[in-house]
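Undergrad: take this sequence and fold it.
(2 chains)
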Amino acid sequence: MTHLPILPIVLPMVVGAVLLLMRGSMNFKRGVSLLATFLQLPLAIMLLLRASEGTLVYTLGNWAPPFGIVLVVDRLSALMLFITAVLAFCALLFSLRGDDAAGRNFHPLFQFQLMGITGAFLTGDLFNLFVFFEILLIASYALLLHGAGSARVRAGLHYVLLNLTGSALFLIAVGTLYGVLGTLNMADLAIRVSQLSPEEQPLVGAAGMLLLVVFGLKTAMFPLYFWLPRAYSAASAPVGALFAIMTKVGLYSILRVYTLIFGEQADSLAFMVNEWLWPLALVTLLLGALGALAAATLSGLIAYLVVLSVGTMLAGLAIGTPEALRATLFYLMHSTWITGAFFLFAGVLQRVRGPRYAARLIAGPALPYPMLLGGVFFLAAMSIVGMPPLSGFIGKLLLLSAVGTGQQAAWLYPVVLGAGFLSLVALSRAGTTLFWRQTEAAASAEPIDALRMTAVLLLLLASPALVIFAEPVLAYLAATADQLLAPQNYIDAVMSITPEASP
Amino acid sequence: MELMYALLIGLLTSCGVFLMLRARTFPVVIGLTLLSYAVNLFLFAMGRIGEAVPAVLGERVDYADPLPQALVLTAIVIGFAMTAFALVLSLRAQGELDSDHVDGKGDR
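TA: Predicted structure coming up:
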């Protein structure tokens, strides 16, 4: 049995613990943290390659399923790990120039957050998913408040209280599922759901819907997204960028639970959330676009663009065909990286404009290197809005072509295109204010930091890269979508494991 | 026994929800605590309620399911840590914003 699947969890755990205890200089800590984060990348690529050959199952403590906890690496998990690794590396690179010194223990917290995220993507056990959720949440609470300020404390309080309530609901749902089905292993749950008697189905259905509320809170789905703009815009730039993956953890959980446990074999409970997701997704999309129009700061604007992208992806999930899932996953890769890059860019801009103007959308002093900064903003904005030839365009095009020509198309076309137009207006307004309208005030600010800019550009490079390598990426994503819609393979892979004889 | 247990969980939950809807941080934190108590009891009951049944095989004919007991221990530890964090955060908010309102608004 290979130990590869557990390494993305163990590595940040050990490094985080060591960093916490270490007394060395800041630069040494930075080096260790950067190395550990960078190592996630080859690990994720190795897992991607293994996962395309077949689903990899790792039994912790050699307990065969359904007993004990399993880690499962299928195409979706490996893909999510890869997205996380790229994003985390760039965010950490950005933070090295001072953002990590604003408070204590930034690097250990960053590693623990990473551990929670990778764990949530890898686990094949519902209660273990809850535990990893809590790990990533408690690290994110501390990261959000890192280098505090009253805006952060206020946003942090809402974020923490809401998520604590969410955790309570998660436990109720998990408890109900265990009480009726007697298992927590996701593959085993899927089997048991298909054998339910009609009297027990409503109870399991209720637990399933409760899970949707919990994941909806993490994903920032309407009406549970109100915490997001405040929290994300209050966080420091590298933390905001790392949080770009957090909503995707919720999205991943929705995708996993409702294609596997409540997938095609689940009788009357099969695909039960799709009809709920559809209207909620469209409302989320529209409100995200309206919020972007009303935002007063660049980071607030980007936070609403995150809400908008969540709406788009939820719409793709609600359609639920293989083509729609493929489009959703492509859009997920694109939006995670590009909103991450945009958050980092807002951090650069904030420093260049000085504390008085920061990222507020008001006319400020003349900027150094206007071509470079303006060019990066233009590229990121065009990619997010979905203008050809950048990756956002392909994502939206795939989604719109996946919906076909029915009633759903009649709803999706105007909403997606209208929201795209609104975000174009919002971003052009932001761009003209930031780059073209200038006051006489003397620039009081720091020069552009080369390392920070490198991190932004690296992450932004993902957009053209996704276009250039669109064909292999889409082939992989198509296989991922097919795998998700055929949960029997996942179930067989997990349930066929037998304990290994001791050497 | 089952009825008592269910009523207790219901009472704890409703008190918790009521307190969580208050505008001050202290009642909200107490509300969260009550809610997590209710959830822990609920999880515990998922192994079915029985009297004097061991959680070990072979001692008697019927046995208690040990898994919910393990789950509830995990949930208690996590819930405790989270409540402590929320408490510290609300103290910090009190210091930083000079108000114990959940939105950080002034008192009047």
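Undergrad: now do the helix or strand of chain B with the lowest mean pLDDT: distance to the chain's middle.
TA: Sorting the helices and strands of chain B by mean pLDDT, DSSP states H and E puts helix B:66-97 at the bottom, at a mean of 89. In terms of Cα atoms, centre = their mean, to the nearest Å, the centre of helix B:66-97 is found 9 Å from the chain centre.
Undergrad: quick one: is that helix near chain A?
TA: Yes. Residues of helix B:66-97 contacting chain A under Cβ under 8 Å from any Cβ of the partner chain: B:67-68, B:71, B:74-75, B:78-79, B:81-83, B:85-86, B:89-90, B:92-93, B:96-97. The way it works is simple: take the backbone N, C-alpha and C, and place the C-beta from them, glycine included.
Undergrad: write the ChimeraX selection for whichever of those residues are buried.
TA: In ChimeraX syntax, the buried subset of these is picked out as below (16 or more other Cβ atoms under 10 Å in any protein chain shown):
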select /B:67,68,71,74,75,78,79,82,83,85,86,89,90,93,96,97
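Undergrad: I figured A:V32 was touching A:V18, is that so?
TA: Yes. Between A:V32 and A:V18 there is a contact under Cβ atoms under 8 Å: 7.4 Å.
Undergrad: skipping adjacent residues, who's closest to residue 62 in space?
TA: By default, I'm working from chain A. Nearest residue to A:N62, sequence neighbours excluded (Cβ to Cβ, 6 or more residues apart in numbering or on different chains): A:P499, at 5.2 Å.
Undergrad: chain B is the one I meant
TA: Nearest residue to B:D62, sequence neighbours excluded (Cβ to Cβ, 6+ apart): B:V53, at 5.4 Å.
Undergrad: hang on, that neighbour is in a strand, isn't it?
TA: No. Checked against DSSP: H, G, I helix; E, B strand; the rest coil, B:V53 lies outside a strand; its state is coil.
Undergrad: if I look at it, what pLDDT would I see?
TA: B:V53 is assigned a pLDDT of 77 by the prediction.
Undergrad: surely it meets B:D65?
TA: No. Using Cβ under 8 Å, B:V53 makes no contact with B:D65, being 9.5 Å away.
Undergrad: right, and the helix or strand after the longest helix seen in chain A?
TA: When chain A is parsed with DSSP state H, its longest helix is helix A:322-357. Next along the chain after helix A:322-357, taking DSSP states H and E as the criterion, comes helix A:370-385.
Undergrad: just to revisit the earlier point, element containing the residue nearest to A:N62, please.
TA: Going by DSSP H and E, A:P499 is not part of any helix or strand.
Undergrad: and it, how close does it get to A:V72?
TA: Separation of A:P499 from A:V72 (Cβ to Cβ, to the nearest Å) stands at 17 Å.
Undergrad: who has more neighbours out of these two?
TA: Neighbours were counted for A:P499 and for A:V72 using other Cβ atoms under 10 Å in any protein chain shown; A:V72 has more, 26 against 13.
Undergrad: once you drop chain neighbours, what's closest to the more buried one?
TA: Closest to A:V72 by Cβ to Cβ, 6+ apart is A:G124, at 3.8 Å.
Undergrad: pLDDT of stretch A:437-452, averaged?
TA: The model assigns stretch A:437-452 a mean pLDDT of 76.
Undergrad: measure that stretch end to end?
TA: End-to-end distance of stretch A:437-452: 25 Å, with Cα to Cα, to the nearest Å as the criterion.
Undergrad: and the stretch 151-300 of chain A, which residues reach chain B?
TA: A:153-154, A:156-158, A:160-161, A:164-165, A:167-168, A:171-172, A:174-176, A:178-179, A:184.
Undergrad: same thing but 7 Å
TA: A:153-154, A:156-157, A:160-161, A:164-165, A:167-168, A:171-172, A:175, A:178-179 (Cβ under 7 Å from any Cβ of the partner chain).
Undergrad: excluding its backbone neighbours, what's nearest A:L399?
TA: A:L399 sits nearest to A:A327 (Cβ to Cβ, 6+ apart), 4.0 Å away.
Undergrad: was I right about B:V29 contacting B:A86?
TA: Yes. Assessed by Cβ atoms under 7 Å, B:V29 is found in contact with B:A86 at 5.4 Å.
Undergrad: let me know the pLDDT of the residue nearest the centre of chain B.
TA: The C-alpha lying nearest the average C-alpha coordinate of chain B belongs to B:S36 (Cα atoms, centre = their mean; 1.3 Å). At B:S36, the model reports a pLDDT of 93.
Undergrad: please parse chain A into its domains.
TA: A:1-269+A:489-503, A:273-468 (automatic domain parsing).
Undergrad: so which residues of chain A form strands?
TA: For chain A, the strands defined by DSSP state E cover A:56-59, A:70-73.
Undergrad: show me what the first one is in contact with.
TA: Put plainly, it is strand A:56-59. A:5-6, A:50, A:65, A:68, A:70-73, A:493-494, A:497 (Cβ atoms under 7 Å, 6 or more residues apart in numbering or on different chains).
Undergrad: do that again at 8 Å, thanks
TA: A:1-6, A:47, A:50, A:65, A:68-74, A:124, A:493-494, A:497, A:499 (Cβ atoms under 8 Å, 6 or more residues apart in numbering or on different chains).
Undergrad: filter these to the buried ones?
TA: A:5-6, A:47, A:50, A:65, A:69-74, A:124, A:493-494, A:497.
Undergrad: nearest to A:L349 among the residues you listed?
TA: A:L47 (35.5 Å; Cβ to Cβ).
Undergrad: for the closest one, give its distance to chain B.
TA: In this view, A:L47 and chain B are 27 Å apart by Cβ to the nearest Cβ, to the nearest Å.
Undergrad: could you check the pLDDT of that residue?
TA: 94.
Undergrad: pretty sure it contacts A:T2?
TA: No. A:L47 lies out of contact with A:T2 (Cβ under 8 Å); the separation is 10.2 Å.
Undergrad: check contacts around A:I69.
TA: A:59-61, A:63, A:123-125, A:128.
Undergrad: and if we set it to 7 Å?
TA: A:I69 makes contact with A:60, A:125, A:128 under the criterion Cβ under 7 Å, 6+ apart.
Undergrad: quick check: phi and psi at it.
TA: With angles defined as degrees, to the nearest 10, A:I69 sits at phi -110, psi 140.
Undergrad: cool, and B:R24?
TA: The phi/psi pair for B:R24 (degrees, to the nearest 10) is phi -100, psi 150.
Undergrad: count the neighbours of the nearest residue to it once chain neighbours are set aside for me.
TA: Of all residues not flanking B:R24 in the chain, B:D100 sits nearest, at 5.1 Å (Cβ to Cβ, 6+ apart). By other Cβ under 10 Å, the residues close to B:D100 number 17.
Undergrad: ok, now A:I338?
TA: The local packing of A:I338 (other Cβ under 10 Å) involves 28 other residues.
Undergrad: for it, which non-adjacent residue is spatially closest?
TA: Closest to A:I338 by Cβ to Cβ, 6+ apart is A:S383, at 5.0 Å.
Undergrad: before we move on, back to that, okay, and the residue nearest to the centre of chain B sits in which element?
TA: helix B:25-45.
Undergrad: who's in contact with the residue nearest to B:D62?
TA: B:V53 neighbours (Cβ under 7 Å, 6+ apart): B:60, B:62-64.
Undergrad: among those residues, name the ones in helices.
TA: Reading helices off the contacts of B:V53, I find no matches (DSSP H).
Undergrad: tabulate the residues you listed (JSON lines), appending pLDDT and neighbour count.
TA: What follows is the contacts of B:V53, written out as JSON lines (pLDDT from 0 to 100; neighbours: other Cβ atoms under 10 Å in any protein chain shown):
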{"residue": "B:R60", "pLDDT": "75", "neighbour count": "11"}
{"residue": "B:D62", "pLDDT": "78", "neighbour count": "10"}
{"residue": "B:Y63", "pLDDT": "78", "neighbour count": "14"}
{"residue": "B:A64", "pLDDT": "80", "neighbour count": "18"}
